[in-house]
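Participant: attaching a predicted model along with its sequence, questions to come.
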Amino acid sequence: MDILDSVVVGAGQAGLSASYHLVRRGVEHVVLDADEAPGGAWQHRWDSLSMDDVHGIAELPDATRPTDHGRANTVVPAYFGDYEAAHGLPVLRPVRVDEVRDAGDGLLEVVSGARSWTTRTLVNATGTWTQPFVPHYPGVETFAGTQLHTHDYGGPAAFAGRRVVVVGGGASAVQLLGEIAPVAADTLWVTRRPPVWRTDEFTPEVGRAAVALVEDRVRRGLPPASVVSVTGLALREQEREAERLGAYTRRPMFVAVEPDGVRMPDGSLWRSDVILWATGFRPAVAHLAPLHLRSPHGGIQLDGTTAVADPRVQLVGYGPSASTIGANRAGRVAARSVARTLAGQLSSVSSA
């Protein structure tokens with residue numbers, strides 16, 4: 001039986017960063033990626049999302065960030081693919097991991113269909129894109145119009161001349177309203193809580209403070225929150241037309257969905273053709289369930305990137321590292337923790 005030192009699950013920014021640092025440390029590993037091609041979640045983003053919209057991305061370790069201002073779903077995948085090739089990262093695809101389980105003798109087994117890999121450690125870098133979250137509301141199954149999640153958004157053209165409800169209080173709701181409102185017949189923005197608008201400048205200090213708050217949550221084993229939930233929202237220049245149209249006049253959540261629209265708390269019916277759920281994502285960690293990593297608080301408790309319940313497991317792209325900047329640092333920390341775990345395992349064998 002071949003035993004690897006580590007297996008990285010996922011080849012987005014966090015997974016590639018982790019793999020780069022593992023290679024530098026001489027850690028024998030493979031990277032298992034569920035997609036057909038490089039690019040992580042970026043390759044699935046909508047065509048209208050440009051690199052300017054996302055303010056670029058952080059450069060991968062030992063690489064220069066792309067300067068192309070084109071479509072994010074082509075620029076970033078090309079960047080990731082070139083990076084994999086330039087650094088000889090051991091990426092295998094498409095490999096969708098079904099589960100990770102304890103194999104005994106201190107080893108883990110990573111299972112994908114009929115294939116499996118035995119490893120001493122694991123770096124989980126599966127992000128959130130494959131786990132869109134849609135809350136349930138009474139009558140939602142009766143809606144006669146179109147329902148979709150941010151995950152399935154293809155651009156504003158499909159909303160032309162339609163009455164659109166956008167649900168969610170995060171940055172994606174603000175951005176999608178900015179694209180949809182100028183072409184739609186009308187839009188309604190609903191959120192569970194009033195949105196928090198940022199009025200001060202988003203400085204590096206503000207960003208670090210926000211990340212620290214998210215880190216505190218995962219350190220205590222709570223479900224991770226998004227960084228934007230801490231930093232607040234801000235309108236960009238390309239969203240000013242939607243603002244002029246009144247798209248950012250927030251209304252409280254509807255109480256029910258009906259075939260022709262949504263029933264508001266005051267009893268009125270807002271007739272609609274489309275409900276767009278910009279309600280975020282959850283961490284894609286179901287394959288880790290056999291390891292019982294979750295704390296009683298519902299999240300996976302971390303010490304840095306190390307799962308407290310099983311130190312053989314590192315999580316990157318989870319909680320505070322679910323951003324391109326945080327992912328790079330998390331990849332480096334995870335590789336260091338993997339090396340430390342392997343050294344501890346070797347020491348235990350030597351002293352036995």
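Facilitator: Cool, got the structure.

Participant: ok so residue 119 is a strand residue?
Facilitator: Yes: counting by DSSP: H, G, I helix; E, B strand; the rest coil, residue 119 is part of a strand.

Participant: wait, doesn't residue 185 sit right on residue 245?
Facilitator: No: with contacts counted by C-beta atoms under 8 Å, residue 185 stays clear of residue 245, the gap being 11.3 Å. Heads up, the C-betas are built off the backbone N, CA and C, glycines and all.

Participant: of the two, who's got more company?
Facilitator: More crowded of residue 185 and residue 245, by other C-beta atoms under 10 Å: residue 245, with 15 against 12.

Participant: tell me which stretches of the stretch 101-250 of the chain form helices.
Facilitator: Counting by DSSP state H, counting those that start in this stretch, the stretch 101-250 of the chain has these helices, from start to end: 171-180, 204-219, 228-231, 240-244.

Participant: in the helix ranked longest in the chain, what's buried?
Facilitator: Scanning the chain for the longest helix, with DSSP state H as the assignment, gives helix 324-351. Going by neighbour count (16 or more other C-beta atoms under 10 Å), the buried part of helix 324-351 is 324-339, 341-342, 345.

Participant: what's the answer for stretch 150-166, then?
Facilitator: Within stretch 150-166, the residues that count as buried by 16+ other C-beta under 10 Å are 150, 151, 153, 156, 159, 162, 163, 164, 165, 166.

Participant: closest one of the residues you listed to residue 41?
Facilitator: residue 151 (9.3 Å; C-beta to C-beta).

Participant: so what's that closest one scoring on pLDDT?
Facilitator: On pLDDT, residue 151 comes in at 96.

Participant: with residue 297 instead?
Facilitator: We have a pLDDT of 84 for residue 297.

Participant: the closest residue to residue 47 other than its chain neighbours: what's it in contact with?
Facilitator: Excluding the flanking residues, the one nearest residue 47 by C-beta to C-beta, 6 or more residues apart in numbering is residue 155, at 5.4 Å. Listed by C-beta atoms under 8 Å, 6 or more residues apart in numbering, the contact set of residue 155 reads 46, 47, 48, 179.

Participant: I'd assumed residue 73 was in contact with the first one.
Facilitator: Yes: contact criterion C-beta under 8 Å: residue 46 and residue 73 qualify, at 7.3 Å.

Participant: so where's the stretch 1-150 of the chain uncertain?
Facilitator: Within the stretch 1-150 of the chain, the ranges that satisfy pLDDT under 70 run 1, 55-56.

Participant: just to revisit the earlier point, what helices or strands is the longest helix of the chain leaning on?
Facilitator: Judged by 3 or more C-beta pairs under 8 Å, 6 or more residues apart in numbering; DSSP states H and E, helix 324-351 is in contact with strand 3-9, helix 13-24, strand 115-124, strand 313-315.

Participant: got JSON lines for the ones you listed, with mean neighbour count too?
Facilitator: Shown next, in JSON lines, are the helices and strands packed on helix 324-351 (neighbours: other C-beta atoms under 10 Å):
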{"stretch": "strand 3-9", "mean neighbour count": "23"}
{"stretch": "helix 13-24", "mean neighbour count": "27"}
{"stretch": "strand 115-124", "mean neighbour count": "23"}
{"stretch": "strand 313-315", "mean neighbour count": "27"}
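
Participant: export these to CSV and tack on distance to residue 84?
Facilitator: Formatted as CSV, the helices and strands packed on helix 324-351 follow (distance: least, C-beta to C-beta, whole Å):
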stretch, distance to residue 84
strand 3-9, 12
helix 13-24, 7
strand 115-124, 16
strand 313-315, 20
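
Participant: quick check, nearest of the contacts of residue 155 to residue 191?
Facilitator: Checking those against residue 191 with C-beta to C-beta, the nearest one is residue 179 at 18.1 Å.

Participant: so where's the stretch 201-350 of the chain shaky on pLDDT?
Facilitator: Looking at the stretch 201-350 of the chain by pLDDT under 70, you get 201-219, 222, 224-231, 320-325, 346-350.

Participant: ok, 80 please
Facilitator: Judged by pLDDT under 80, the stretch 201-350 of the chain has its weakly predicted residues at 201-232, 319-326, 345-350.

Participant: okay, the angle between the longest helix of the chain and strand 3-9?
Facilitator: 160 degrees (axes from the mean of the first three to the mean of the last three C-alpha atoms, to 10 degrees).

Participant: can you give me the neighbour number for residue 70?
Facilitator: By other C-beta under 10 Å, 12 other residues sit near residue 70.

Participant: again with residue 261
Facilitator: The tally of other residues near residue 261 (other C-beta under 10 Å) stands at 21.

Participant: any idea how far it is from residue 332?
Facilitator: 50 Å (C-beta to C-beta, to the nearest Å).

Participant: rewinding a little: any quick PyMOL command for the buried ones out of the contacts of residue 155?
Facilitator: Here is the PyMOL selection string for the buried members of the contacts of residue 155, based on 16+ other C-beta under 10 Å:
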select buried, resi 46+48+179
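
Participant: from the contacts of residue 155, which is closest to residue 314?
Facilitator: For residue 314, the nearest member of the contacts of residue 155 is residue 46. The distance, counting by C-beta to C-beta, is 31.1 Å.

Participant: much appreciated, bye for now.
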